[in-house]
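> What would the 3D arrangement of this be:
(2 chains)
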Amino acid sequence: MNSLIFRTIAPLIVAVMLVFSIYVCLRGHNEPGGGFIGGLIAASAMAILGMSGGAGEARRALRIDPLAIAGFGVFIAGLSGLLSLFTGTPFMTSIWVYLELGQTTVPLSTPMVFDIGVYFVVFGTISAVALALEGEEGP
Amino acid sequence: MDASIALVAIAPFVAALLAPFIHRLARPYAGWVLALVPAGIFLFLLTLIAPVVAGGAISARIGWVPAFDLDLSFFVDGLSLTFALTISGIGTLIVLYSGAYLKGHPHLGRFLGFLLAFMGAMLGLVLADNMLALFMFWELTSVTSFLLIGFDHTRQAARRGAIQALVLTNIGGMALLVGAILVHQLTGCWDMSALGDDVRANGFYGLTLALFLVAAFTKSAQVPLHFWLPNAMEAPTPVSAFLHSATMVQGGVYLLARTTPWLGGTEAWTLILVCFGGATLLWGGLGALRQTDLKQMLAQTTLASLGLSVLLIGLGTEAAIAAMLLYFVAHALYKAGLFMVVGAIDHEAGTRDITILGGLADRMPVTFIGAALASLAMIGLPLTLGYFAKEEMYLGLMHWQWSDIAVLAVLLAGNAMLAGVAMLVLVKPFLGPVLPTPKLAHEAPIAMLAGPIVLGGAGIVASVMTDWLGHTLVEPGAAAILGETVSSHLTLTINPASPLLWLSIATWALGYLVYRQAAVLRTLLRRFEAGLGWTADTVFDAVMFGLIRFSGAVTRLLHHGRLEIYLATVFAGLALALIAPLGLLNGYDVLLPNADLGNWSAKLSWPQLQPYEWGVMALALIGLGAVLLATNRLVAILALGIQGTSVALIFLLFGAPDLAFTQFMVEVLSVVILALVMTRLRLDELDQRPLEDLARDGILALVCGAGVSLLLMVVLSGTLDTRLSDLFTATSVPIAHGHNIVNVILVDYRGFDTLGEISVVMAAGIAVMALLRRRNKPAVPASPAPRRRRKAES
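Residues are numbered from 1 along each chain as shown, chains lettered A, B, ... in the order given. Next comes the predicted model:
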């Protein structure tokens, strides 16, 4: 696991995987993908980083405790549902906003925020478990 | 009017939240400042007397949960107003008293907060009309009284008393909730004021009655559920003065009075209430004579008084109800006063034991006056409210039937014992030779004197203004309970020809006899108790310890700490969940040989597949075979990954890209994590399970697999109900703005499910982390280690 080739190439793979995971997460509403898959890809990236450089380095690179990321995910997922209370509709009724940016229109919605929450939960939880298993010096 | 009545119940809670801060700001005067809240409520309630006397009842309604047609409705009639006025009036004096009694206590602010919250709950309880609101306030009184009784939480006895009170009153609370829901189911109505004869006429009347009676009897401490009340005396004295005079324990009496119009009046009602009330009256009276601790004596007389009130409600005659109302007010005034006096004695002299107290009248003259006013009311001498209450209760029984005479005898005995105890409480500590006390007794501060004097004085004033009393208390209150107009006949004149007078004189004479022979009676009663060997209290302990032992046994059975058994249990449960419903749904029909053979042969024929599809299938089978045959665990894990990836490929080929995508990631991660777990747990690379374990695991795996296959076959053999998928297909783009239906279902249509699922994911993650963290630390036994350390330090 600790070969020089793997250690050199791992950060590149991780970077590509993380970008790809965000792409998969965001396109999920119309194409195959979504927060769950995106989160799994990102967690795999963290697992690779942990395998190559050690769990401690992966944790430092992440800066935030992975379980805190998971908690944040549940928080914003719940919050996205609560936004509908301001429009007087039942919990989790979706709200869509279309942002005009020059030529393109960017649709923003509460389901998207919810999906990002799912991404963080899956990413945070699986990373936490994987990193804790990889390194003896867990949090 | 709406808001102001709700405010009566809400304001004390607000004050309770502010109490700690007010205490910090106004230290020595916190009691005086916070007493303004109940005082204000009392004055506001006074303004309601005129409309209630004139117009009957005031009701108020605030939307609570409009989606369920639930309103927070309040109802002020003569009954609730009497209770609310007593609660807020005595509450004012108690808050004042507490400020002085616990002066300098570091948690006085917290204490006053608990006290005010309790008062709010109690006011809500007596003003609520909606049965669910009643239940809510009922439970709030249980919780806040738990906090108050256990306030001195460093003492084991206080904690025990608090828990006992909480357990018992919560049993009653549950009964009340079930009863309320039952009544709602029967009548479709949550408001008690709208209930009529429907409940009594219904076949469920017996059950409803039983539930409400359990609630009332636990709260009002009727025999055999009485034992929590004396143990609750572990609370600071102001708490006892409040809880056991006008509030907590009277909640049950209030509930009985409140439910009389639609639950009472039947034979069962009368019989049960009179029997339990009478038993409690006698038991409490005898219990009081057994004690030498002033506070315990008063607690036992509270039991007796509660029994008396229940008995009177059970009788249900006009005179009995009037007597109950008069007795409630009289008892609240004198019992709160007496508790406060006892608290003052304890505070200033350092003991509450009547055998070592004496001659305090010279040193504490004002306290003595307060004690005298209260005791005379308790004895029931003329010019006190107690006198009228006693006259009224005897008046209702002047029919000279056998049942009446029996009840009369019980009342006479009970009242005589109460009178005897009152004489003991007045004479022993205050009169006679001066005895040395642990502290040199001196007069209590003014905030502690105000209570007994004001309450005692109020009793005298009220008893002189008989007409006013009759019109404002007895008539509206009795009308609320009986549902008909009642005219009061209270009068100050004493008629020597009336048998009532002679009954009163007999009560006093018997009371004096009890007082003279108190020491003899005490010895006899204690000998009897010692001979009995057990009390309801010890039964409670036995039940509680039995519960602890039972839960310990269940825990040891289920929480044995052997991972392979846990997993086997989980999969056995899964197998059962898969197999059992199929039997219920006739799912096994597809396996029967005569089940539509044509269909079967069609299914059995080789499907038309592309060669690469056959290849993927073969790959899955190879993976499966490798899992089974591998002797090395790491190889088995990798082979499982191959099998899973092939299944993901099948998903991809047959048009489920989202599922395939997720499955790929899950397979990769599970191989990584399983391999990590293996190295982390330092598992042997070779699988060395004994044969019987292999057989068990193999059978479980086969049953689970067969269950899933069968389930799928059964599902696919029927026609699929496509209404939901049609709906999703049709509406995914127009209303949910998404082309990926799977994702739209996850985040929008069924987003609430997903929210629950991600919470579970996170909780599972936390659990895994906790387990891993435990493994990082050297295994230490949980409890003995700190104790050893502490010993080493000392």
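> Relative to its centre, which residue of chain A is most distant?
A:G88 (30.3 Å; Cα atoms, centre = their mean).
> what's the spacing between that residue and A:I95?
Distance check for A:G88 against A:I95: by Cβ to Cβ, to the nearest Å, it reads 12 Å. Placement of C-beta: from N, CA and C, glycine included.
> what ranges do the helices span in chain A?
A:4-27, A:35-53, A:55-62, A:66-82, A:110-134 (DSSP state H).
> In a markdown table, list the ones you listed along with mean pLDDT.
Listed next are those as a markdown table, based on pLDDT from 0 to 100:
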| stretch | mean pLDDT |
| --- | --- |
| helix A:4-27 | 92 |
| helix A:35-53 | 91 |
| helix A:55-62 | 88 |
| helix A:66-82 | 93 |
| helix A:110-134 | 92 |
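> Tabulate these (TSV), appending distance to chain B.
Formatted as TSV, these follow (distance: least, Cβ to the nearest Cβ, whole Å):
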stretch	distance to chain B
helix A:4-27	8
helix A:35-53	4
helix A:55-62	10
helix A:66-82	5
helix A:110-134	3
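> count of residues packed around residue 99?
Reading this off chain A. Other residues near A:L99 come to 9 when the count uses other Cβ atoms under 10 Å in any protein chain shown.
> Chain B is the one I meant
B:G99 has 27 nearby residues by other Cβ under 10 Å.
> these two touch, right, it and B:A30?
Yes: when contacts are counted by Cβ atoms under 8 Å, B:G99 is listed as touching B:A30 (5.6 Å).
> do you know how far the residue farthest from the centre of chain A is from A:M112?
Going from A:G88 to A:M112 by Cβ to Cβ gives 21 Å.
> And for B:G161?
According to Cβ to Cβ, B:G161 stands 56 Å off from A:M112.
> what does A:P90 give?
As judged by Cβ to Cβ, A:P90 and A:M112 stand 19 Å apart.
> what residues are shared contacts of B:G99 and B:A30?
Taking Cβ atoms under 8 Å, 6 or more residues apart in numbering or on different chains as the criterion, B:G99 and B:A30 both touch B:L108, B:L112.
> what is the mean pLDDT for stretch B:674-681?
Across stretch B:674-681, pLDDT averages out at 82.
> what separates it from the chain centre, distance-wise?
Put simply, stretch B:674-681 sits 48 Å off its chain's centre (Cα atoms, centre = their mean, to the nearest Å).
> got a list of contacts for it?
Counting by Cβ under 8 Å, 6+ apart, A:A130, A:L133, A:E134, B:R633, B:L634, B:I637, B:L640, B:L683, B:E685, B:L772, B:R775 sit against stretch B:674-681.
> Tabulate the CA atom coordinates of it in PDB.
Below are the C-alpha coordinates for stretch B:674-681, written out as PDB (Å, rounded to 0.1, in the frame of the first residue of the first chain):
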ATOM      1  CA  LEU B 674     -14.100  -5.000   5.300                       C
ATOM      2  CA  ALA B 675     -10.400  -5.400   4.600                       C
ATOM      3  CA  LEU B 676      -9.700  -2.600   7.100                       C
ATOM      4  CA  VAL B 677     -11.900  -4.100   9.700                       C
ATOM      5  CA  MET B 678     -10.100  -7.400   9.300                       C
ATOM      6  CA  THR B 679      -6.700  -5.900   9.800                       C
ATOM      7  CA  ARG B 680      -8.000  -3.600  12.600                       C
ATOM      8  CA  LEU B 681      -9.600  -6.400  14.600                       C
END
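> Please point out which parts of that stretch sit buried.
For stretch B:674-681, a neighbour-count test (16 or more other Cβ atoms under 10 Å in any protein chain shown) marks B:L674, B:A675, B:L676, B:V677, B:M678, B:R680 as buried.
> Among these, which ones are in helices?
Per DSSP H, the buried residues of stretch B:674-681 map to helices at B:L674, B:A675, B:L676, B:V677, B:M678, B:R680.
> Can you tell me which of those residues is nearest B:L263?
Here the nearest of these to B:L263, counting by Cβ to Cβ, is B:V677; it sits at 61.7 Å.
> Tell me which residues touch the residue nearest to the spatial centre of chain B, please.
Centroid-nearest residue in chain B: B:N170, 3.0 Å away (criterion: Cα atoms, centre = their mean). By Cβ under 8 Å, 6+ apart, the contact list for B:N170 reads B:E139, B:S142.
> mind running it again at 7 Å?
B:S142 (Cβ atoms under 7 Å, 6 or more residues apart in numbering or on different chains).
> so it is in which element?
Per DSSP states H and E: B:N170 is located in helix B:156-187.
> hang on, the earlier thing: quick one: which of the contacts of stretch B:674-681 is nearest to B:L112?
The closest of the contacts of stretch B:674-681, once distances to B:L112 are taken by Cβ to Cβ, is B:L772, at 46.5 Å.
> Could you report the neighbour count for that closest one?
18.
> what separates the spatially closest residue to it that is not a sequence neighbour from B:I41, distance-wise?
Nearest residue to B:L772, sequence neighbours excluded (Cβ to Cβ, 6 or more residues apart in numbering or on different chains): A:A132, at 4.7 Å. A:A132 sits 56 Å away from B:I41, going by Cβ to Cβ.
> more crowded one of A:P90 and A:M112?
A:M112 (22 against 10).
> tell me the contacts of the more buried one?
Counting by Cβ under 7 Å, 6+ apart, the residues that A:M112 touches are A:H29.
> Okay, it and B:A736: tell me how far apart.
12 Å.
> Tell me who's in contact with A:I41.
Contacts of A:I41 by Cβ under 7 Å, 6+ apart are A:M17, A:F20, A:S21, A:V24, B:M665.
> How is the one residue in the stretch 51-200 of chain B that gets nearest to chain A classified with respect to secondary structure?
Nearest residue of the stretch 51-200 of chain B to chain A, counting by Cβ to the nearest Cβ: B:A67, 9.7 Å away. Classification of B:A67 using DSSP: H, G, I helix; E, B strand; the rest coil returns helix.
> what number of residues lie near it?
B:A67 has 6 nearby residues by other Cβ under 10 Å.
> Show the pLDDT at it.
On the pLDDT scale, B:A67 gets 75.
> Then B:G396?
pLDDT for B:G396: 76.
> Distance of B:A336 relative to B:H184?
36 Å.
> meant to ask about B:D362
For B:D362 relative to B:H184 (Cβ to Cβ), the value is 60 Å.
> Look at the two and report which has more neighbours.
Counted by other Cβ under 10 Å, B:D362 and B:H184 do not tie: B:H184 has more neighbours, with 14 against 11.
> if I pick the more buried one, what's in contact with it?
By Cβ under 7 Å, 6+ apart, the contact set of B:H184 is B:M131, B:W190.
> With B:G359 instead?
Here B:G359 is in contact with B:L431, B:G432, B:P433, B:V434, B:L435 (Cβ under 7 Å, 6+ apart).
> repeat that for 6 Å
Neighbouring residues of B:G359 by Cβ atoms under 6 Å, 6 or more residues apart in numbering or on different chains: B:G432, B:P433, B:V434.
> three-state assignment of it?
The three-state label for B:G359, taken from three-state DSSP, comes out as coil.
> Name the nearest residue to it, ignoring sequence neighbours.
Distances taken as Cβ to Cβ, 6+ apart put B:V434 closest to B:G359, at 3.3 Å, once the chain neighbours are dropped.
> can you count the residues close to the one you found?
By other Cβ under 10 Å, neighbour count at B:V434 equals 13.
> Could I get the phi/psi values of it?
As for B:V434, its main-chain torsions (degrees, to the nearest 10) stand at phi -70, psi 130.
> same question, B:A60
phi -140, psi 150.
> and if you look at the one 4 residues further on?
For B:W64, the backbone dihedrals (degrees, to the nearest 10) come out as phi -110, psi -70.
> re earlier: same list, the contacts of B:G359, but as CSV with pLDDT please.
As requested, these are exported to CSV (pLDDT from 0 to 100):
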residue, pLDDT
B:G432, 80
B:P433, 82
B:V434, 81
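> I'd like those as TSV, with distance to B:P581 appended.
Below are the contacts of B:G359 laid out as TSV (distance: Cβ to Cβ, whole Å):
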residue	distance to B:P581
B:G432	81
B:P433	84
B:V434	83
